[in-house]
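Chemist: any chance you can model this:
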Amino acid sequence: MRRACAALLIAVVCAVNIQSPAKAQSLKLAEDRDVAAYLRLYEIWVQEQMAYYHQPGVSIGIVYDQDLVWAKGFGYRDVAHRLSATTGTVYRIASITKTFTATAILQLRDAGKLQLDDPVRKHLGWFEYRDRFPDAPAVTIRHLLTHTSGLPREADFPYWSDPDSFPTREEMIAALENQESVFEPETRYKYSNLALALAGEIVAAVSGEPYADYIQRHVVDPLGMTSTTVRTEDIDRENLATGYEVMRRDGTQPVAPETDSKGLTPAANMSSTVEDLARYVSLQFRRGPADGAQILKGSTLREMHRVHWLDPDWSSGRGLGFGVWRQGTRTLVGHGGWVGGYRTQIAFDPKSRVGVVVLTNSDEGGPGAYVRQAFDIVAPAIEKAAAEKAAVVSLPDLDRYIGTYHDPDGWVTDVLVLDERLVIYGHGYPPSANPKGSLTELTHESGHTFRLTGESGNGERVIFEMAEGKVARVKVGANYIFPEGCGRIERLRCTWR
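Modeler: This is a model prediction of the structure:
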């Protein structure tokens, strides 16, 4: 363990933030001057896009941690009747449904009722299809959730060209035996509505409840998503946005025929609002055990957000039910949806705890552009304002930690206050070419105890041990660094006790 303490802190700058994420709920971030200004810029841009692309209506929400910071409807949920789109307008969210299906699967996994690497046939005895690759491994639940099953994209019905031909679950099951695999499992990413429909069948088989009932009782209701439904017949018709097809050359924009996904319900049938989906996005930032509105424990949520399948370009991949992709320096998690007349998307940044919900009622709604600009324009201002409001440590409280520290072999670490933050800088050999290039958050726990967290933190505790109001030594993990003058020989003369 030679020089363990120094090695741990080499070229690291540790910023202190002693406010817990839960306290962010009380921050009125939309009232911050910069946030308000960037929100106004974003609104102007949204209105320009809608006018240029002739989009009927858009509803957007921006979440920070457990708060819906800002939400607004633009345009019309029904053009003919001049009914405005609002944050409570109901939209068909299509494939965002898949993330709810994955959530249900993980709930059942955590309850010990299934495993992600269970073969699908273990839970669906009727799962038979024409396997072109007899030597390939069995299709598992994990394959379904990551779109690596090799199954066809769709059930064997032309429902995207003929919305009336969505099959019942019985028809989907009967047709499956005549469908054939496209790729070997876990060799290529291939998006599959059929795969997620099968995942929903597993939810029903394992739980003993119809899929729609399970999602309503175990996901939607505990989250307080009062306007969210699985079944088409349960939609609040008074608040449902009319879905529109692409604009024709003659300037008309026909109303899209309504769809019911029937047997494909677990892949595409849910409806929701910005306000409800904001609750769902906030769930993704929670930690701790499952209880009440915390419908999944924090570690399971993070498991869903991690990359389980990486695309060859290394810029995107699949979590469990979610897509994962890079936007600039951010890693975003989320899912989009499209069903006739509606295009939608949710996306969130687990690191900054910022999320965006975009719902549109047009086949050419383009929610991805609204999501990208929300993260580029508004998210940085929210993050800055949240950090400033959370910086509740005063300089006198931090001053007590300032000093130069050595490990027993003489390796040097300096503790400073820079930009109103306590920082730790470890002197390495050769010296760092970029002393500010590696940032690790030093999160306060209690008293003089902190923890190395963030991307480059290793989770170890850092304890400033005090004597007569001064730092006597610092415990980093299981090892120590000492104030200047307390090296291998001198340390027995230090004042710590």
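Chemist: and residue 453, bridged to which residues?
Modeler: Beta-bridge pairing for residue 453 (DSSP bridges): residue 441.
Chemist: contact partners for it?
Modeler: Residue 453 sits next to 440-443, 459 when contact means CB atoms under 8 Å, 6 or more residues apart in numbering. Quick note: C-beta positions are derived from backbone N, CA and C, even for glycine.
Chemist: just give me the closest of the residues you listed to residue 347.
Modeler: Relative to residue 347, the closest of the contacts of residue 453 is residue 441; by CB to CB it sits at 23.3 Å.
Chemist: do you know the pLDDT at the closest one?
Modeler: Note for residue 441: predicted pLDDT of 70.
Chemist: my guess is it contacts residue 457, does it?
Modeler: Yes. Between residue 441 and residue 457 there is a contact under CB atoms under 8 Å: 6.2 Å.
Chemist: let's see if you can find the most crowded of the contacts of residue 453.
Modeler: Neighbour counts for these peak at residue 442, which has 23 neighbours (criterion: other CB atoms under 10 Å).
Chemist: wait, isn't it in contact with residue 451?
Modeler: Yes. Contact status for residue 442 versus residue 451: in contact at 7.2 Å, counting by CB under 8 Å.
Chemist: need the overlap of contacts for these two.
Modeler: 457, 462.
Chemist: so where does residue 202 fall, helix or strand?
Modeler: Residue 202 is part of helix 193-207, with elements assigned from DSSP states H and E.
Chemist: in the next helix or strand after that helix, what's buried?
Modeler: Proceeding N to C from helix 193-207, the next assigned helix or strand is helix 211-215, under DSSP H and E. Across helix 211-215, burial judged by 16 or more other CB atoms under 10 Å covers 211-212, 214-215.
Chemist: so can I have JSON lines of those showing distance to residue 121 and pLDDT?
Modeler: Listed next are the buried residues of helix 211-215 as JSON lines, based on distance: CB to CB, whole Å; pLDDT from 0 to 100:
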{"residue": "211", "distance to residue 121": "19", "pLDDT": "98"}
{"residue": "212", "distance to residue 121": "24", "pLDDT": "98"}
{"residue": "214", "distance to residue 121": "21", "pLDDT": "98"}
{"residue": "215", "distance to residue 121": "24", "pLDDT": "98"}
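Chemist: now, the most widely separated pair of the residues you listed?
Modeler: 212 and 214 (7.4 Å).
Chemist: just checking, which helix or strand of this structure averages the lowest pLDDT?
Modeler: strand 13-17 (a mean of 37; mean pLDDT, DSSP states H and E).
Chemist: where does the residue nearest to residue 199 when sequence neighbours are not counted sit: helix, strand or coil?
Modeler: Once flanking residues are discounted, residue 199 sits nearest to residue 144: 4.5 Å by CB to CB, 6 or more residues apart in numbering. Put simply, residue 144 is helix when judged by DSSP: H, G, I helix; E, B strand; the rest coil.
Chemist: residue 144: neighbour count?
Modeler: 30.
Chemist: same question, residue 303
Modeler: Neighbours of residue 303 (other CB under 10 Å): 17.
Chemist: which positions within the one helix or strand it maps to qualify as buried?
Modeler: Using DSSP H and E, residue 303 sits within helix 298-305. Using 16+ other CB under 10 Å as the test for burial, helix 298-305 gives 298, 300-301, 303-305.
Chemist: stretch 233-249 too?
Modeler: For stretch 233-249, using 16+ other CB under 10 Å, the buried residues are 235, 239-245, 247.
Chemist: now for the helix holding residue 202, which elements pack on it?
Modeler: Secondary-structure packing of helix 193-207 (3 or more CB pairs under 8 Å, 6 or more residues apart in numbering; DSSP states H and E): helix 97-110, helix 120-123, helix 141-146, helix 169-176, helix 211-215, helix 265-268.
Chemist: that's all I had, so thanks and see you.
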